[in-house]
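K.L.:
with the sequence up front, the predicted model follows.
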Amino acid sequence: MRDHSIGWLYRYLSFLLENRLQNRALAATYSSTLDDLSDSGLKKGAKRKPKPAQTKAKPSVAADTAVVELLHAMSFGTLRTLQFFLKKGYLQPAEYHLVNPEHVFAHRFQEYLKVPYPEPLTYADYVQRNDLSKMDLERVTKSASDSFKFVRENFEKLMKLSKVPLEIATPRIRALVRVAVANSVSIATADLVAMKHNGAVTVNFNFSLHPHFPVISLKSRTVAPVAGPAASV
């Protein structure tokens with residue numbers, strides 16, 4: 001089963017954010033290893049400097065990492081939401097009659113071919129990890145719901161801190177949560193909406209809450225959809 005071309009964008013974004021999180025984790029491990037090596041290299045009898053009880057990341061670094069985690073979850077949740085509507089048959093996959101989708105994919109993300117790291121995500125990699133024919137509807141639905149749940153719960157935890165990082169308490173980050181909630185509702189009520197309109201529905205992309213992450217929902221075909229991206233880019 002072919003995927004929807006808009007899903008490429010969110011999968012690539014998820015891929016880049018995932019690499020960024022991995023790099024941060026490696027940097028933290030590397031720093032800790034250096035500290036351990038420094039301690040083990042002390043000469044016999046040398047006094048060891050007292051170490052703090054626990055080394056914590058600087059607030060700005062920790063906050064930025066938290067934002068990247070939220071964006072990663074939103075990217076993956078958006079991809080799975082698109083795939084949910086594909087599996088249900090409400091959204092049709094992109095059609096390529098005169099060109100190879102692999103060539104379209106490579107052209108769309110050609111700028112990333114110039115970046116030495118991370119190694120670019122190829123169309124073959126994308127297909128291997130997102131083969132809808134090998135995913136059942138339950139898995140896709142749960143994956144989308146879990147991603148949006150992560151966004152909501154982690155945002156709430158961050159907001160309960162005694163000192164909320166400025167990077168978190170911004171309108172755009174708050175909007176992510178609203179989109180996550182809305183998409184969770186869209187998934188849960190899709191069949192009811194379709195039944196209400198006797199199946200005469202279309203998938204609507206609404207970017208009014210957030211400029212980068214849309215609320216994806218079913219609308220009656222008789223209602224003009226909110227301005228958004230073309231169904232097949």
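P.N.:
Happy to help now that I have it. On a predicted model such as this, the values are computed, not experimentally measured, just so you know.

K.L.:
now the most centrally placed residue in the chain, nearest residue through space, not along the chain?
P.N.:
Among the residues of the chain, the one closest to the centroid is residue 75, at 1.9 Å (C-alpha atoms, centre = their mean). Counting by C-beta to C-beta, 6 or more residues apart in numbering, residue 75 lies nearest to residue 14, which is 3.9 Å off, once chain neighbours are set aside. To be clear about C-beta, it is placed using only N, CA and C from the backbone, and glycine gets the same treatment.

K.L.:
what sits against that neighbour?
P.N.:
In this structure, residue 14 makes contact with 72, 75, 76, 79, judged by C-beta atoms under 8 Å, 6 or more residues apart in numbering.

K.L.:
next, count neighbours for the first one.
P.N.:
Going back to what we said before, that points to residue 72. Neighbour count of residue 72, defined by other C-beta atoms under 10 Å: 22.

K.L.:
name the SS class of the closest residue to it other than its chain neighbours, please.
P.N.:
With sequence-adjacent residues excluded and distances taken as C-beta to C-beta, 6+ apart, residue 72 is closest to residue 17, at 4.0 Å. Put simply, residue 17 is helix when judged by DSSP: H, G, I helix; E, B strand; the rest coil.

K.L.:
which residues of the protein score low on pLDDT?
P.N.:
Low-confidence segments of the chain (pLDDT under 70): 1-4, 25-61, 97-98, 162, 164-167, 169, 223-233.

K.L.:
for it, what spans make up the strands?
P.N.:
All strands of the chain, identified by DSSP state E, fall at 201-206, 215-220.

K.L.:
pull up the pairing partners for the first one, direction included.
P.N.:
The pairing partners recorded for strand 201-206 under DSSP bridges are strand 215-220 (antiparallel).

K.L.:
just the CA trace of the partner strand, in PDB.
P.N.:
What follows is strand 215-220 as a C-alpha-only set of coordinates in PDB (Å, rounded to 0.1, in the frame of the first residue of the first chain):
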ATOM      1  CA  VAL A 215      -5.200  19.400  12.800                       C
ATOM      2  CA  ILE A 216      -6.200  16.500  10.500                       C
ATOM      3  CA  SER A 217      -9.900  15.700  10.500                       C
ATOM      4  CA  LEU A 218     -12.900  14.600   8.400                       C
ATOM      5  CA  LYS A 219     -15.200  17.200   7.000                       C
ATOM      6  CA  SER A 220     -18.300  16.900   4.900                       C
END
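
K.L.:
now do that strand: distance to the chain's middle.
P.N.:
Centre-to-centre, strand 215-220 and its host chain are 20 Å apart (C-alpha atoms, centre = their mean, to the nearest Å).

K.L.:
residues touching that strand, excluding its own?
P.N.:
Strand 215-220 is contacted by residues 78, 81-82, 85, 90, 179, 182-183, 186, 190, 193-194, 197, 200-206, 208-209, 225 when judged by C-beta under 8 Å, 6+ apart.

K.L.:
tell me the buried residues within those.
P.N.:
For these, a neighbour count by 16 or more other C-beta atoms under 10 Å gives the buried set as 78, 81-82, 85, 90, 179, 182-183, 186, 190, 194, 201, 203-206, 209.

K.L.:
contact partners for the residue nearest to the centre of the chain?
P.N.:
With contact set as C-beta under 8 Å, 6+ apart, residue 75 has these partners: 10, 11, 13, 14, 17, 213.

K.L.:
switch the cut-off to 10 Å
P.N.:
By C-beta atoms under 10 Å, 6 or more residues apart in numbering, the contact set of residue 75 is 9-18, 147, 212-213.
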